[in-house]
Each structure stands twice: as C-alpha cells, then as structure tokens.
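1. Kindly return the folded structure for what I paste below:
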Amino acid sequence: MYDKITPPTTGERITFENGEPIVPDNPIIPFIRGDGTGVDIWPAAQKVFDAAVEAAYGGKRKISWFKVYAGDEACELYGTYQYLPQDTLTAIKEYGVAIKGPLTTPIGGGIRSLNVALRQIFDLYACIRPCRYYSGTPSPHKTPEKLDVIIYRENTEDIYLGIEWREGTEIAQKLIHILNNDLIPATPEHGSKQIRLDSGIGIKPISKTGSQRLVRRAIKQALLLPKNKQQVTLVHKGNIMKYTEGAFRDWGYELATSEFRAECVTERESWILSNKERKPDLSIEDNARKIDPGYDALTEEKKAQVCQEVEEVLNSIWETHGNGKWKDKVMVNDRIADSIFQQIQTRPDEYSILATMNLNGDYLSDAAAAIVGGLGMGPGANIGDDCAIFEATHGTAPKHAGLDRINPASVILSGVMMFEFLGWQEAADLIKKGIGGAISNREVTYDLARLMEPPVEPPLKCSEFAQAVIDRF
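-> Here you go, the predicted model:
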C-alpha cells in the first residue's frame with residue numbers, strides 16, 4: 001500500500017458519516033512536518049498536543065502519529081520534484097484527518113501550490129480561520145480584543161482553480177477572438193466592451209454547489225456559538241461581479257431561508273419584522289419605505305417589488321419569526337468586500353462568522369490575523385465532507401530554520417481546531433488556556449517579544465514556549 005512509509009502498529013482510522021468525523025479514542029493522525037521552520041515548530045507543537053491529551057484524559061485517549069512527507073522533505077526521500085508523493089495522498093485519504101506545518105511553493109515541479117493542491121485533491125472546500133485575541137499579544141490596533149471572528153473561505157473555486165492562459169499563446173488569442181467577436185456582442189449588457197489582444201486570460205468560476213455547501217457549514221458553526229455571536233455575514237463584490245460574487249450572496253441567502261428557515265433570519269427580514277412590531281398597523285408601503293430609504297425615488301415597478309418583498313416576509317414568517325422571535329435566530333446578512341476590510345478594524349465587534357469566496361477570503365483572513373497579532377498567531381483548517389487537514393497559516397521562513405526561535409503558536413492553535421473538530425474539547429481548552437497564560441505572563445518567542453512594551457529580553461526559544469504553554473495548563 002505504501003512505498004517508503006509505514007503506518008503505526010497501534011491506533012484506528014477516523015471515518016466520516018454525513019460530513020462529520022467518527023473518532024476512536026486512539027486515532028492515527030498523519031502529520032507533515034513542514035519545510036523551513038517546520039523542523040522547529042512541529043516537535044514543539046506535538047509536545048503540546050500529547051501533553052494536552054494526557055492531561056485531559058489521563059491515558060484514556062491517545063494519538064498515534066503517522067509521519068508523511070510533502071514539500072522539500074518529500075523530495076529528499078522520494079526524488080526530485082516529488083513534492084507531493086502518492087504515499088502521502090494515500091495516508092491522508094485512509095486516515096481522514098491530518099495536520100501540517102508550512103510548505104514551500106515548488107519551483108519547476110508542475111504544482112503551483114502544495115496547499116492549494118491538497119485542498120483540491122481532497123475537495124477540502126471550507127478553509128476556516130478563527131481570528132481571536134489572546135491578552136497581552138502585541139498588536140498595532142488599540143482594541144484588538146474586540147475582534148473575534150471565524151472566516152469561512154471557499155477553497156476550491158474562484159481564480160484559485162488555476163484555469164488561465166498566458167498572453168500571446170494560441171489558446172489565449174483564440175479565446176479572446178471568440179469573446180470579442182461572438183460572446184460579448186451577443187450579450188447586450190456588455191455593450192461595446194472589448195478585451196485587449198495582449199491580455200492574459202483567467203477564468204473565475206463560482207458555482208451554486210460550492211457556494212451553498214460553504215454557507216451551510218458556516219451556519220452550522222453559527223448555531224453552536226453563544227446567542228450573541230450567531231451571525232453569518234456573506235462577503236462579496238456583487239455590486240461589480242453580479243453573476244459570480246453577486247450569485248454567491250444570492251445562493252447564500254437562498255440556502256439560509258430554505259434549508260435553515262426555522263433557524264435563520266436575514267437582515268432585511270429583521271427590519272421588516274421589527275417595523276411591524278414597533279407599529280402593528282404600519283402599511284406595506286410604509287414598511288417598504290423604511291427598509292429602502294430611496295423608495296420614493298424608485299420606479300413604480302421597483303416600488304412594487306419592494307412592497308411584494310415586505311408582504312411575502314410578513315405572510316411567510318410572521319408567525320414563526322415575528323413578535324421578537326427573530327432575535328433568537330441566526331442573523332444572515334451581507335457586506336461588500338472592500339467595506340468589510342474597513343469594518344473589521346472600525347467595528348470589529350459587530351461581526352462573528354464571515355463567509356467568503358476564495359480570493360476575498362485569502363486577503364480578509366490575513367488582514368484579520370494582523371489585528372490580533374499576525375500570522376504567527378493564526379490557525380487554519382481545510383475541511384471537506386470526508387477529510388480535514390489542519391495547517392499553519394504562515395510561510396516557511398527558511399532563514400530561521402533550525403534555530404529554535406520561531407513562534408509555534410500557529411501550528412499549536414491549528415491543533416486546537418483539530419481537537420475541537422474531533423470533539424476533544426477538553427484538550428483544546430487546555431491548550432487555549434496555556435497559550436493565553438504564557439502570553440499574558442510575557443513568556444513569548446522573539447517575534448512577539450520584540451513588539452511588547454517593554455520588549456522581553458531574552459525571549460523564549462521555540463521549544464521553551466511549548467513548555468511554557470504546558471506549564472500553564
């Protein structure tokens with residue numbers, strides 16, 4: 001079954017049922033050490049994981065770790081350009097859940113990104129990035145503690161599908177010719193637009209299937225949060241890209257108001273319901289005027305559409321959601337992408353779960369991580385219906401490799417996400433307590449130490465930080 005690796009002789013497989021993991025007490029979990037500083041941060045993280053499981057369960061639960069290879073380390077074992085060997089893919093598929101350190105983007109190996117490749121191979125459609133603040137972590141923001149969001153980023157579509165053609169190639173020129181001469185003229189809304197002949201061409205697919213399965217996971221997560229955090233915000237640029245990003249928004253609302261009708265209310269629905277609650281005899285037209293401030297300037301056709309919306313909401317959900325009952329539902333709203341970048345800084349406590357397409361989610365998750373202390377404090381998970389891979393969100397930082405100085409918190413916090421996914425909440429809580437305690441006591445590695453006021457001197461080594469976390473359990 002395997003060429004150069006051997007699974008542990010003890011432990012059991014994690015399986016999946018209806019998208020949820022079935023976890024034995026002694027799971028086998030493949031791990032990829034990672035390139036560059038992976039040589040330092042993985043041993044530190046594994047030490048924390050094992051200590052947390054032992055402290056939480058006293059030997060009743062235990063992980064059997066299975067080392068698999070990817071990136072530069074894989075090439076050393078399997079040969080040149082073997083960045084992602086079949087052994088590794090077989091192991092992840094067989095055992096269901098894996099965790100990894102940072103990986104180098106290959107040069108000349110035929111794979112654009114190992115991280116993207118793993119997501120696409122295993123259909124890990126939800127990239128989940130929680131961004132929360134640990135007290136004492138240095139931050140450029142005055143109130144980083146107000147930000148506590150989970151970003152659900154669609155992982156398999158958008159421009160990350162990687163379908164593009166270089167400028168000047170035969171296929172690019174052929175495609176431009178078809179677009180300019182056939183498809184654009186046949187679409188009246190595009191008017192006289194033309195694509196320059198010296199353009200590279202990329203395709204941006206956004207599907208209903210991909211959008212709705214992501215939003216489904218986001219809503220299910222929201223239902224597990226405290227009532228004041230039960231909100232899902234659909235992030236998009238639908239004002240410009242109406243049939244891709246705008247469709248993502250529309251499909252998200254459609255899912256929320258059909259599959260989760262009893263559990264969800266949209267923002268506009270809440271306005272309509274609350275208007276009637278404040279003034280029970282409010283007319284349909286006056287209610288429409290309140291939810292759409294530009295109502296009186298609309299055409300008669302658009303006025304009728306808004307009134308119809310109001311009437312349909314009141315007729316369909318007043319009994320189940322009216323009289324304040326909507327306040328106990330998951331709130332689903334949407335925000336334009338560029339606006340949300342500002343709002344997570346100026347109004348961070350207004351948001352909880354952000355559901356977004358691939359590229360927007362990439363930018364947004366890094367921006368949110370910066371507020372709470374940087375990528376070194378940012379965990380990540382890639383989850384599908386029958387597989388999950390947890391990962392460090394930062395790069396390999398090869399100049400720091402082997403120096404025992406890098407911050408292992410990203411991988412450690414990714415392990416927290418893994419334990420929560422497995423249902424091992426007690427182990428996850430111990431690690432969060434340990435990290436919070438170490439940071440608030442100024443026991444940190446150099447990246448945080450130099451930013452603290454006053455700076456911490458000397459900072460802890462990578463391995464010492466792991467022990468500090470354990471000591472704070």
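
2. Okay, the residue of the chain most remote from its centre and N275: tell me how far apart.
-> Residue farthest from the centre of the chain, counting by CA atoms, centre = their mean, is D281 at 44.0 Å. According to CB to CB, to the nearest Å, D281 and N275 sit 11 Å apart. All C-beta atoms are positioned from the backbone trio N, CA, C, and that covers glycine.

3. CA atoms of the helix or strand of the chain with the lowest mean pLDDT as CSV?
-> Within the chain, no helix or strand scores below helix 114-121, which has a mean of 89 by mean pLDDT, DSSP states H and E. Provided in CSV are the C-alpha atoms of helix 114-121 (Å, rounded to 0.1, in the frame of the first residue of the first chain):
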residue,chain,number,x,y,z
LEU,A,114,1.1,22.4,-2.4
ASN,A,115,-1.5,23.8,-0.1
VAL,A,116,-3.9,24.5,-3.0
ALA,A,117,-3.2,21.1,-4.5
LEU,A,118,-4.1,19.3,-1.2
ARG,A,119,-7.4,21.3,-0.9
GLN,A,120,-8.4,20.5,-4.5
ILE,A,121,-7.4,16.8,-4.4
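
4. doesn't K4 fall inside a strand?
-> No - assessed with DSSP: H, G, I helix; E, B strand; the rest coil, K4 is coil; it does not lie in a strand.

5. element containing A355?
-> strand 353-356 (DSSP states H and E).

6. Surely the residue farthest from the centre of the chain forms part of a strand?
-> No - with three-state DSSP as the criterion, D281 is coil rather than part of a strand.

7. Let me know how buried P455 is, in neighbour terms.
-> 13 (other CB atoms under 10 Å).

8. From K142, how far off is it?
-> Distance from P455 to K142, counting by CB to CB: 20 Å.

9. these two touch, right, T104 and T37?
-> No - with contacts counted by CB atoms under 8 Å, T104 stays clear of T37, the gap being 11.2 Å.

10. shared neighbours of those two, which are they?
-> 396, 398 (CB atoms under 8 Å, 6 or more residues apart in numbering).

11. higher neighbour count, those two?
-> T37 (28 against 21).

12. Ignoring the adjacent residues along the chain, who's closest to that one?
-> Spatial nearest neighbour of T37, chain neighbours left out: I406 (4.3 Å); criterion: CB to CB, 6 or more residues apart in numbering.

13. And that neighbour, how close does it get to A466?
-> Here I406 is placed at a distance of 11 Å from A466 (CB to CB).

14. D328 too?
-> Distance check for D328 against A466: by CB to CB, it reads 42 Å.

15. Compare these two and say which is more crowded by neighbours.
-> Shown here are D328 and A466; by other CB under 10 Å, A466 has more neighbours (26 against 11).

16. In this protein, spot the helix with the most residues.
-> helix 300-321 (DSSP state H).

17. Following element in sequence after that helix, please.
-> strand 330-336.

18. ok, residues contacting that following strand?
-> 219, 222-223, 230-239, 249, 252-253, 256, 260, 263-267, 270, 343.

19. Give me the residue ranges of the chain where confidence is low.
-> 106-112 (pLDDT under 70).

20. center of it - which residue?
-> Centroid-nearest residue in the chain, with CA atoms, centre = their mean: I128, separated by 2.6 Å.

21. OK, contacts around that one?
-> By CB under 8 Å, 6+ apart, the neighbours of I128 are 150-153, 221, 380-383, 417.

22. Return the closest of those residues with respect to E20.
-> I383 (10.4 Å; CB to CB).

23. from memory that closest one sits against M418, does it?
-> No - with contact defined as CB under 8 Å, I383 does not count as touching M418 (10.3 Å).

24. ok so, going back, buried ones in the least confident helix or strand of the chain?
-> 114-120 (16 or more other CB atoms under 10 Å).

25. any chance of the residues you listed in TSV, with distance to A56 too?
-> Output for the buried residues of helix 114-121, formatted as TSV (distance: CB to CB, whole Å):
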residue	distance to A56
L114	32
N115	30
V116	34
A117	34
L118	29
R119	30
Q120	34
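
26. so where do the helices sit in the stretch 101-250 of the chain?
-> Ranges of helices within the stretch 101-250 of the chain are 114-121, 170-178, 208-222, 245-256, based on DSSP state H, counting those that start in this stretch.

27. Okay, D35 and E267: tell me how far apart.
-> Distance from D35 to E267, by CB to CB: 44 Å.

28. and the two? which has more neighbours close in?
-> Per other CB under 10 Å, whichever of D35 and E267 has more neighbours is D35, with 25 against 15.

29. if I pick that one, what's in contact with it?
-> Per CB under 8 Å, 6+ apart, neighbours of D35: 71-73, 101-104, 396, 398.
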